[in-house]
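Engineer: predicted model, plus sequence, below.
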Amino acid sequence: MPELPEVETVRQGLQHYTCGSPSPDRSATTDDPGTTEGPRITGGMVLRPQTIAAPATAQAFLQGLQGCHIANWQRRGKYLLGQLQRQGQPGGWWGVHLRMTGQMLWLDATEPLQTHTRVRIFFENDRELRFVDPRTFGQMWWVAPPQPPEAVIRTLQTLGPEPLSPGFSPGYLLQRLGKIRRPIKTTLLDQAIVAGLGNIYADEALFLSHIHPCTPSYTLTPAQGEALHAAIVQVLHASLQEGGTTLRDFRNLKGLNGNYGSQAWVYGRFKQPCRRCATEIDRLKLSGRSSHFCPQCQPFLT
């Protein structure tokens, strides 16, 4: 599933192509619509109605978007939120969650349709955004004005702080972990603890902080908590610089892979030598998710 760096890479592409120019990182909702007016949405097609989570019909979703400009794109956790304007007035919000295999592609409208295309949104100048989603778990919303996105996309109300924001501090992390008995790897995947972190970067951060994924969350010392916080920030920045990780189904808006995977410390490197100590990378399952770790660099302390 795309995580924060991959979703942020898509957000930057959406901002560039559909809003007319790049913008600063907008990782949380804001009332500032920006000043750039991109191409107008002229229509669309919903090829899989189940992809539309709100409103009740695909027709209502398309009607909500038609005639709008996208003022800016924001990211909250793994959600993409497009702020819409129609003739200078608020046009609501366009919400997108890529889930496991969703891709947003910016293409010429005459290009042959990709297999598993679920939604097509048409723009001026014969351009379009296509939502391609083989596993069909991705979702879209149109939130009518004047409602904020979280009024309809209720999961937004439950998200924890952004890991690259001031709200995600070592003190916050230790305070939240203090009463949690779950393994630390499982806790890091909880979007109510920290928004946007997932399997890849949780594995990487635990390696960098020398913490075994099965370590009970509440047992982390202040020094371990600070090391884990610093490692989370470090791996996210590193991946953002590389455009995310090359996943089987992740592409940016032009169909290109990210480059972080080639430098990953442990994720996806089962049975390969550790880049630090040459010990064979091991793998285990926690809450149904694979966790990669180095037994030498991340000993399980009981």
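Structural biologist: Sure thing, it's come through. Residues are numbered from 1 along each chain as shown.
Engineer: quick one, what contacts the spatially most central residue of the chain?
Structural biologist: Most central in the chain under Cα atoms, centre = their mean is residue 78, positioned 3.0 Å from the mean C-alpha point. Going by Cβ atoms under 8 Å, 6 or more residues apart in numbering, residue 78 touches 1, 2, 3, 4, 7, 97, 98, 191, 195, 196, 198. For glycine as for every other residue, the C-beta is placed from the backbone atoms N, C-alpha and C.
Engineer: same thing but at 6 Å, please
Structural biologist: Counting by Cβ atoms under 6 Å, 6 or more residues apart in numbering, residue 78 touches 7, 196.
Engineer: and what of residue 65?
Structural biologist: Taking Cβ under 6 Å, 6+ apart, one finds residue 41 in contact with residue 65.
Engineer: what pLDDT is listed against it?
Structural biologist: We note a pLDDT of 98 for residue 65 in this prediction.
Engineer: same question, the one 3 residues further on
Structural biologist: pLDDT recorded at residue 68 is 98.
Engineer: got phi/psi on it?
Structural biologist: phi -90, psi 150 (degrees, to the nearest 10).
Engineer: ok, back up a step: how near is the residue nearest to the centre of the chain to residue 170?
Structural biologist: 23 Å (Cβ to Cβ, to the nearest Å).
Engineer: can you check residue 1 too?
Structural biologist: Distance of residue 1 to residue 170, given as Cβ to Cβ: 27 Å.
Engineer: go on, residue 73?
Structural biologist: Taking Cβ to Cβ as the measure, residue 73 falls 30 Å from residue 170.
Engineer: neighbour count winner among these two?
Structural biologist: Legend: neighbour count by other Cβ atoms under 10 Å for residue 73 and residue 170, higher for residue 73 (24 against 15).
Engineer: buried stuff in the helix or strand in which that one is found?
Structural biologist: Taking DSSP states H and E as the definition, residue 73 sits inside strand 69-76. Across strand 69-76, burial judged by 16 or more other Cβ atoms under 10 Å covers 69, 70, 71, 72, 73, 74, 75, 76.
Engineer: what of stretch 116-128?
Structural biologist: For stretch 116-128, the buried set under the neighbour-count rule, 16+ other Cβ under 10 Å, comprises 116, 117, 118, 119, 120, 121, 122, 123, 127, 128.
Engineer: send the alpha carbons of it over as CSV?
Structural biologist: Output in CSV follows, covering the C-alpha atoms of stretch 116-128 (Å, rounded to 0.1, in the frame of the first residue of the first chain):
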residue,chain,number,x,y,z
HIS,A,116,-8.4,-1.7,-14.4
THR,A,117,-9.2,1.9,-15.0
ARG,A,118,-12.0,2.8,-12.5
VAL,A,119,-12.6,6.5,-12.9
ARG,A,120,-11.8,9.0,-15.6
ILE,A,121,-11.9,12.8,-14.9
PHE,A,122,-11.7,15.0,-18.0
PHE,A,123,-9.9,18.4,-18.0
GLU,A,124,-9.6,21.2,-20.5
ASN,A,125,-7.1,20.8,-23.3
ASP,A,126,-7.9,17.1,-23.8
ARG,A,127,-6.1,16.0,-20.6
GLU,A,128,-7.5,13.6,-18.0
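Engineer: any idea of the mean pLDDT in that stretch?
Structural biologist: The pLDDT scores in stretch 116-128 average 97.
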